[in-house]
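Colleague: just coords:
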């Protein structure tokens, strides 16, 4: 990316690092992503402080979306009220089951979304609220909200796979429907996701789980085998890889 834009890749162009961190996390290579960030920070000590703090916040948000926790090492949060960090706080709080934290984080994000009123902020507000509703046991309401948010995407120019904790609403809808036990509806949401955002690893995992739930051994084995192919260079002990290996080793593909 840096070389294509006339820059020396060894200069650790920040945008190139963004995309590489994202790609490494998609490939399950968390430790390598952490090492890259720390190396970047070491080479950019003279980088403008505010901008570097912004990148720290973005990376923390991306890690939250992919791993459910922040990166290790000495990476601080920036404290900025960015969309990425605001949404990451909701993700982390709901995964931790911290009601006070998710209430505070969601309220802050909704206020910012109301002020800025752009499609991407409205989509983030819907994702945040749906996460909170699901955490509160109101999955049906979360699903309805996510269905309504699908139209927001039509107002947006489809971005590249940029680093962000913001996921396509079809993906979040599919996970919500799966948790509610609506397997057919979840599978249809995944079909819509694949048409717009093909190849997302989380969607492959969910398709495998749906197949297991409905007893489709062939489809489950195909999906779990795909996970092993896509994450063939993942860190040792990566949870998706472990899940796939366990299923296949227990005769799931027989």
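Modeller: Looks like it arrived, so ask away. Please read these numbers as outputs of a predicted model, since none were measured by experiment.

Colleague: right, and the helix or strand after whichever strand or helix holds residue 225?
Modeller: Assigning secondary structure by DSSP states H and E places residue 225 in helix 217-230. Sequence order places helix 239-249 as the next helix or strand after helix 217-230, per DSSP H and E.

Colleague: Now do the domain split for this protein, please.
Modeller: Annotated domains of the chain cover 1-80, 82-167 [automatic domain parsing].

Colleague: Comparing those by mean pLDDT, which bottoms out?
Modeller: Lowest mean pLDDT within these: domain 1-80, a mean of 63.

Colleague: The helix holding residue 225 to helix 239-249, inter-axis angle?
Modeller: Per axes from the mean of the first three to the mean of the last three C-alpha atoms, to 10 degrees, the angle that helix 217-230 makes with helix 239-249 is 140 degrees.

Colleague: Tell me which residues of helix 217-230 come out buried.
Modeller: 219, 220, 221, 223, 224, 225, 226, 227, 230 (16 or more other C-beta atoms under 10 Å). To be clear about C-beta, it is placed using only N, CA and C from the backbone, and glycine gets the same treatment.

Colleague: Show me what it is packed against.
Modeller: When contacts are defined as 3 or more C-beta pairs under 8 Å, 6 or more residues apart in numbering; DSSP states H and E, helix 217-230 packs onto helix 201-214, helix 239-249.

Colleague: So which bits of the last one are buried?
Modeller: Right, the one you point to is helix 239-249. 240, 241, 243, 244, 247, 248.

Colleague: For this structure, which segments count as helices?
Modeller: Ranges of helices in the chain, per DSSP state H, are 14-26, 30-43, 49-67, 83-96, 99-116, 119-135, 139-149, 169-180, 183-196, 201-214, 217-230, 239-249.

Colleague: Compare those and report which one is nearest to residue 156.
Modeller: Nearest to residue 156 among those is helix 119-135; the distance by C-beta to C-beta comes to 4.7 Å.

Colleague: in stretch 117-131, what's buried?
Modeller: For stretch 117-131, using 16+ other C-beta under 10 Å, the buried residues are 120, 121, 122, 123, 124, 125, 126, 127, 128, 129, 130, 131.

Colleague: count of neighbours near the residue nearest to the second one when sequence neighbours are not counted?
Modeller: The spatially closest residue to residue 121, leaving aside those adjacent along the chain, is residue 113, at 4.2 Å (C-beta to C-beta, 6 or more residues apart in numbering). When neighbours are defined as other C-beta atoms under 10 Å, residue 113 has 22 of them.
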